[in-house]
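Enquirer: quick one, fold the following:
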Amino acid sequence: MRLKVILLFLMVGVYLGANSKEITGCTTILVGKNVTADGSVIMGHNEDMGDLSGRLVFQPGKRQKESEIQLNYVTIPQVEETYAYWASGNSQAVADKHYDGGWILCGMNQWGVSLGCNTMATREAKIPKGKGILRYSIRRLILERAKTARDAVDLVGKLIDTHGQSDSPVAYCIADREEAWLVETTFRHWVARRIKDCEVHVEANEYTIETKYDMASDDLIAYATKQGWYKEKDGPLNFKYVYGDPENLDLPRNISRRYQGTYMLKNKNGLITVKTILSVLSQPPVQMPATQAFMVWHLRRKMPVEVGCVMWHGMSGANTSIAVPVYVGSTKVPAEYTSAPYCYDSVSAWWQFERLQKLFYPRLWEYAHEYPDVRKKLRKFQETIFKECADIEEKALKPRDQENPPGLDVILSNFTYKTLKNALKEAIAAASLSKSAD
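Expert: Next up is the predicted model:
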């Protein structure tokens, strides 16, 4: 009986979310190191950007000569060195058409600092277009400049305090090998909360930080008081209800995703792995038809950062796709993954995985029961990847006594590159197994 009630609740949430004006989309799961099976910090994310095509890019670190950097829509001082990073995001064509050149959605840099974001709705008035700093630019700067998750939190706060956030408020979900942070922002303000080591937090598309936070804008209370949103007699300032848009709070579509994730991870202290989070990301209503990409960051402290930090990345939706391990120490990505035209392209990796999602997502019941060969083929390949990962990590960490042994970057780059190529082949083959592929 209880299961039926849960399923009904989730179905109602999906229906209402699909038939309302509420913000729906990205889901992020932050897992403290005391809750995971191996003592690592883990973060999972579904990036729900709709039908906007996506790509996976590696950006090398660089010594910078310029004293300033021009971003939409501000100019700020440049740093002497920017860090290398992997980023998942919109294709350049999509970015140029819709987002003023901004494209980075999620990523991980050479220190293992990892980032996912969820859009929010605030009652604050928007900053006029052409002023403030884009959330895309903030994400880029986090990846280029943050050596720790705390560095990233400080950077977000400073940028918003100084320039304001011009396009859309977001929750910045940030993790490194030691800890995870949640930074919820408006156009002009922010609050940050460190996720406890013994905590699992699921973030959808509305504010969750209320009266307990670790850091915040200096004028958070003064501004809300001046606007008439808060009075001292009300008690501690509740960020969610004071700064959140009242029409976009406690909505079924967001509640259902948070409930689903929390319910699946309940009573799993000390048992949570990458596979656990992938399972959550693949379940309705956490996965949506709008899922552009999904990621699980596995941030391990007891290994060299090059091997210990992995961004498991998949194009399109987790239920009908393949998660590929992208190691911090890897630097090569196949050309098929680096671009995705606005319209269907037979070469683009993103479009091939999106094809699978479009074939099966509207009828996942049929996918599970009428296309067992497709499901079996994808799952078998995914398990092969997990096994190969264990082997390559053992090889990478094993002392090598030959005269000129390959470095970690070579071993990990070749493995990531090969696995990305093979995953694409599997996606194409899986689509051909469907009688409705044409």
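Enquirer: please make it C-alpha for all contacts and neighbour counts, starting now.
Expert: Fine.
Enquirer: show me where the stretch 1-150 of the chain has helices.
Expert: With DSSP state H, counting those that start in this stretch as the criterion, the stretch 1-150 of the chain has helices at 2-18, 92-98, 135-145, 149-163.
Enquirer: of these, which shows the lowest average pLDDT?
Expert: For the helices of the stretch 1-150 of the chain, the weakest mean pLDDT is recorded on helix 2-18, namely a mean of 41.
Enquirer: on the pLDDT front, check the most centrally placed residue in the chain for me.
Expert: Centrality entry for the chain: nearest residue to the mean C-alpha point is Gly116, 3.3 Å, by C-alpha atoms, centre = their mean. If you check Gly116, the pLDDT there is 98.
Enquirer: list the contacts for the residue nearest to Pro169 when sequence neighbours are not counted?
Expert: Sequence neighbours aside, Thr186 is the residue nearest to Pro169 in space, at 4.7 Å (criterion: C-alpha to C-alpha, 6 or more residues apart in numbering). Shown here is Thr186, whose contacts under the criterion C-alpha atoms under 8 Å, 6 or more residues apart in numbering are 120-122, 124, 165, 168-170, 243.
Enquirer: show me where pLDDT drops low in this structure?
Expert: By pLDDT under 70, the weakly predicted segments of the chain are 1-24, 51, 361-371, 400-405, 434-438.
Enquirer: go with 80
Expert: Counting by pLDDT under 80, the chain shows low-confidence ranges at 1-24, 50-51, 93, 97-101, 359-373, 399-406, 433-438.
Enquirer: how many residues are close by Tyr259?
Expert: When neighbours are defined as other C-alpha atoms under 10 Å, Tyr259 has 17 of them.
Enquirer: can you list the buried residues in the helix or strand where it lies?
Expert: Following DSSP states H and E, the helix or strand that holds Tyr259 is helix 252-265. Buried residues in helix 252-265, counted by 16 or more other C-alpha atoms under 10 Å: 252-262, 265.
Enquirer: the residue nearest to Asp373 when sequence neighbours are not counted: neighbour count?
Expert: Using C-alpha to C-alpha, 6+ apart and skipping the chain neighbours, the partner closest in space to Asp373 is Leu433 (7.5 Å). By other C-alpha under 10 Å, the residues close to Leu433 number 13.
Enquirer: what's the answer for Gln227, then?
Expert: Other residues near Gln227 come to 9 when the count uses other C-alpha under 10 Å.
Enquirer: what do you get for Ala390?
Expert: Each residue near Ala390 was counted by other C-alpha under 10 Å, and the total is 11.
Enquirer: what helices or strands is the helix holding Tyr259 leaning on?
Expert: If contacts are counted by 3 or more C-alpha pairs under 8 Å, 6 or more residues apart in numbering; DSSP states H and E, helix 252-265 sits against helix 2-18, strand 200-203, helix 274-281.
Enquirer: for the nearest residue to Lys65 once chain neighbours are set aside, give me its contacts.
Expert: By the measure of C-alpha to C-alpha, 6+ apart, the closest residue to Lys65 outside its immediate chain neighbours is Glu80, 7.2 Å from it. Contact partners of Glu80, counting by C-alpha under 8 Å, 6+ apart, are 63-65.
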